[in-house]
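Asks: missing the sequence, but the structure's below:
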């Protein structure tokens, strides 16, 4: 027997790995940080990135000697590799791919300057709203785009305690040819998020990612349908619940992401007190309440789940799109089942207004709005045309019909 | 009674109350038109189930197919169970639920092709044949997928509900502007709302489009999603079962392969569609079907830069030692073909241009190989 370990050259700290024997039988799925014990022989090792690109290695394992499978080093393949696919626009918009980033913006949310500064310098041409800080700007053929941030006192209209407002941060991308894209996150969440502006087909898009790379990858694997890879990655030490839920050094948004993926995988037993602690220790995070409610519902404890969701409007809009969708789906069921009070009905109406304005493929809740209190239904101005005249490449000779 | 797979398959091409339909015109067309391939796609999926019955993990039980055929699909009606009207679909759904609830090890199989709209990320509303047949709520003759999925949960009343449920939604997930004023309208809720016990279903939902995206079809032929789905179930989504030499399509492998296969079909047909998976996937390794044999893999071989392709000779040998039909020089570049899964030997000449000789695993669903040629 020999020990097989992996070396991965990737932006991600850990990757799910598939190990095949010489007959192409899948032997195991492990993390790149793990080691396997294998018989001497010939093995193929494949790592899939979120979105489907692959890194590969072929290894000959001699008896009794450890071997490292080197993935991602093209020299080991001597310039033979698997092609990076042409990434479809929709995947790019979903933030499922890292390529083609034209404008990166990292960790500047902590550098928001007091009123003035860049805002004043650009005021003539950009007409920024007073009080907003310009975080980044750029140009497209259509004109200039601006990413603003602004601390606001904001809550859902259905909140039961209007006098108690959790400080929030509004992110707003203004670009020519469309309504602004907005995100509203609790101010305490800002240190865990990384907003970026990406240019897709000359169109700037607000793409906010999780700073916790493993949790971010986990959501991207799930969004890309790579369920097997997501299931392997949930075992990463970086997603250890105790570490993520540490009050001072933890990352509650990564913890929430991990909980949602475990719920999607039905791995309820692994959640233990994960969602309860998340909800109790990070009450400012709406997603924590959604995770707890969903966990309770999956266990059949619907009364407590409904009670947890009753309080959601006080916490605000969930940061993660998956949390918003789960909350709405579950609340709808409880409203129909008459398992809730007036507060949930109102909260459901509030959340639905934002949900129909949301970019459904984004990781972090991002919606179209003239201002954060008035979300605009998604695609209202374009879908009618699109349905009647499907957009097809010019090279297509066959007419398509859209369902 | 032995566990079985129970299928409900719906395909709606003809909408009598939309433009060019044969019924009274709806007050608004909601930006939608008649379809020509949804009913045929449903029948193709049904036919696939029939022909694959021996390879399913359980016996094939009742399989109900309801369609609304376009004029070009009228002949298909003879082999189906009726029109996909609200009443017929409602009755079929109720029967399907009772069938599925007869054994924990049953498999529930639901497929819908037709017009659809979406309000939130996990939401999908499926429009039936009699959609918009009268003024008022246009979603009366539409069904809410959330209601279906919730209604199929294991409950005290139905503890034997199938724990494996496969949902295939082959429709658009856009939010037409015409529905702006109807955001709070409810689609028909077929199932009474019953709250689940511990929900340990493996219930993946395979959508034909991304949230907010479109599902497309080749007119008078087939929807792109159904084409990809059948190709995947026939092996393009399979993984080798350890120690057996048998290839299985599992819940996880199907989820992983649908996207690449849809994209490959896009490349062939000029489509822009993207598949998406949601739902709850408690057992990614749950077997859906066993492939009929060693699966074919979509292979693409490309030499870069293309200007050097004519200077290189690339030879590929199959696992049995026979040469594969790769043109020398590589033309077209990229060269596309379908090869059985296996380990292939690649030899390149001249050998000092950067390409190695070696064995590479060709695994489903696709093998996009690129050789970088040194100057």
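Replies: Nice, I can see it. Because the structure is a prediction, the values reported are computed rather than measured.

Asks: mind listing the helices in chain B by residue range?
Replies: Ranges of helices in chain B, per DSSP state H, are B:38-51, B:86-100, B:145-151, B:224-231, B:251-269.

Asks: Chain A too?
Replies: Using DSSP H, helices in chain A cover A:89-93, A:118-126, A:213-223, A:227-233, A:241-244, A:252-264, A:274-281, A:286-298, A:302-310, A:312-315, A:321-336, A:342-355, A:383-388.

Asks: Make a markdown table out of these and add mean neighbour count.
Replies: The C-beta positions use only the backbone N, C-alpha and C, and glycine is treated the same way. Below are those laid out as a markdown table (neighbours: other CB atoms under 10 Å in any protein chain shown):
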| stretch | mean neighbour count |
| --- | --- |
| helix A:89-93 | 20 |
| helix A:118-126 | 14 |
| helix A:213-223 | 25 |
| helix A:227-233 | 25 |
| helix A:241-244 | 17 |
| helix A:252-264 | 27 |
| helix A:274-281 | 20 |
| helix A:286-298 | 27 |
| helix A:302-310 | 20 |
| helix A:312-315 | 24 |
| helix A:321-336 | 24 |
| helix A:342-355 | 20 |
| helix A:383-388 | 18 |
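
Asks: which of those helices has the lowest average pLDDT?
Replies: For the helices of chain A, mean pLDDT drops lowest on helix A:383-388, to a mean of 28.

Asks: tally of neighbours for residue 11?
Replies: You didn't say which chain, so I picked chain A. Close neighbours of residue A:11, defined as other CB atoms under 10 Å in any protein chain shown, add up to 8.

Asks: Let me rephrase: I mean chain B.
Replies: Neighbour count for residue B:11, taken as other CB under 10 Å: 31.

Asks: Would you check how far apart the nearest residue to it once chain neighbours are set aside and residue B:64 are?
Replies: Distances taken as CB to CB, 6 or more residues apart in numbering or on different chains put residue B:42 closest to residue B:11, at 2.6 Å, once the chain neighbours are dropped. Here the distance between residue B:42 and residue B:64 works out to 11 Å (CB to CB, to the nearest Å).

Asks: Residue B:314 too?
Replies: 51 Å.

Asks: What of residue B:274?
Replies: On the measure of CB to CB, residue B:274 and residue B:64 end up 29 Å apart.

Asks: on that earlier part again, in TSV: the helices of chain A, plus distance to chain B.
Replies: Below are those laid out as TSV (distance: least, CB to the nearest CB, whole Å):
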stretch	distance to chain B
helix A:89-93	5
helix A:118-126	29
helix A:213-223	8
helix A:227-233	4
helix A:241-244	19
helix A:252-264	6
helix A:274-281	15
helix A:286-298	5
helix A:302-310	5
helix A:312-315	15
helix A:321-336	4
helix A:342-355	4
helix A:383-388	4
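
Asks: Does residue B:276 touch residue B:212 like I think?
Replies: No. Residue B:276 lies out of contact with residue B:212 (CB atoms under 8 Å); the separation is 10.0 Å.

Asks: For the two, indicate the residue with more neighbours.
Replies: Between residue B:276 and residue B:212, counted using other CB under 10 Å, residue B:276 has the larger neighbour count: 26 against 21.

Asks: what comes up buried for the longest strand along chain A?
Replies: Looking across chain A with DSSP state E, the single longest strand is strand A:143-153. Using 16 or more other CB atoms under 10 Å in any protein chain shown as the test for burial, strand A:143-153 gives A:145-150, A:152.

Asks: Stretch B:72-88 now?
Replies: B:72-73, B:76, B:80-86, B:88.

Asks: tell me which of these is nearest to chain A?
Replies: Set against chain A, the nearest of those by CB to the nearest CB is residue B:72 (12.3 Å).

Asks: care to break chain A down by domain?
Replies: Using automatic domain parsing, the domain ranges for chain A come out as A:2-73, A:108-205, A:210-375.

Asks: Sorry, slip of the keys, the one I care about is chain B.
Replies: B:4-290, B:296-372.

Asks: ok, so what distance separates the residue nearest to the spatial centre of chain B from chain A?
Replies: Residue closest to the mean C-alpha point of chain B, counted by CA atoms, centre = their mean, is residue B:229 at 3.6 Å. Distance of residue B:229 to chain A, computed by CB to the nearest CB, to the nearest Å: 13 Å.

Asks: thought that residue was touching residue B:45?
Replies: Yes. With contact defined as CB under 8 Å, residue B:229 reaches residue B:45; the gap is 7.0 Å.

Asks: what residues do these two have in common as contacts?
Replies: Counting by CB atoms under 8 Å, 6 or more residues apart in numbering or on different chains, the shared contacts of residue B:229 and residue B:45 are residue B:168.

Asks: Across the sheet, point out what pairs with residue A:402.
Replies: In this entry, residue A:402 is beta-bridged to residue B:216, by DSSP bridges.

Asks: count of residues packed around residue 136?
Replies: If you meant another chain, say so; for now it's chain A. Neighbours around residue A:136, by other CB under 10 Å: 19.

Asks: my bad, the chain I had in mind was chain B
Replies: 10.

Asks: Ok, residue B:349 next?
Replies: Around residue B:349 there are 14 residues (other CB under 10 Å).

Asks: picking up where we left off before, of the domains of chain B, flag the one that's most buried.
Replies: Sort those by mean neighbour count, taking mean count of other CB atoms under 10 Å in any protein chain shown, and domain B:4-290 sits at the top with a mean of 21.

Asks: still on that earlier bit, please name the spatially closest residue to the residue nearest to the centre of chain B (chain neighbours excluded).
Replies: Per CB to CB, 6+ apart, closest to residue B:229 is residue B:168, 6.4 Å.

Asks: what do you get for residue B:66?
Replies: That would be residue B:84: by CB to CB, 6+ apart, it lies 4.1 Å from residue B:66.

Asks: phi, psi of that neighbour?
Replies: Main-chain torsions, residue B:84, degrees, to the nearest 10: phi -90, psi 60.

Asks: mind listing what it touches?
Replies: Residue B:84 neighbours (CB under 8 Å, 6+ apart): B:10-12, B:66-68, B:114, B:128-129.

Asks: just to revisit the earlier point, wait, doesn't the residue nearest to residue B:229 sit right on residue B:126?
Replies: No. The criterion here is CB under 8 Å, and residue B:168 misses it with residue B:126 at 11.4 Å.

Asks: any common contacting residues for these two?
Replies: Contact criterion CB under 8 Å, 6+ apart; residues shared by residue B:168 and residue B:126: residue B:112.

Asks: sorry, back to before: can you give me the pLDDT of the residue nearest to the centre of chain B?
Replies: pLDDT for residue B:229: 98.

Asks: Now do the end-to-end distance for stretch A:214-232.
Replies: Start-to-end span of stretch A:214-232 (CA to CA, to the nearest Å) is 12 Å.

Asks: Work out the gap between that stretch and the centre of the chain.
Replies: Relative to the mean C-alpha coordinate of its chain, stretch A:214-232 is positioned 10 Å out (CA atoms, centre = their mean, to the nearest Å).

Asks: before we move on, what about stretch B:86-103?
Replies: Remark: stretch B:86-103 is offset 22 Å from the chain centroid, using CA atoms, centre = their mean.
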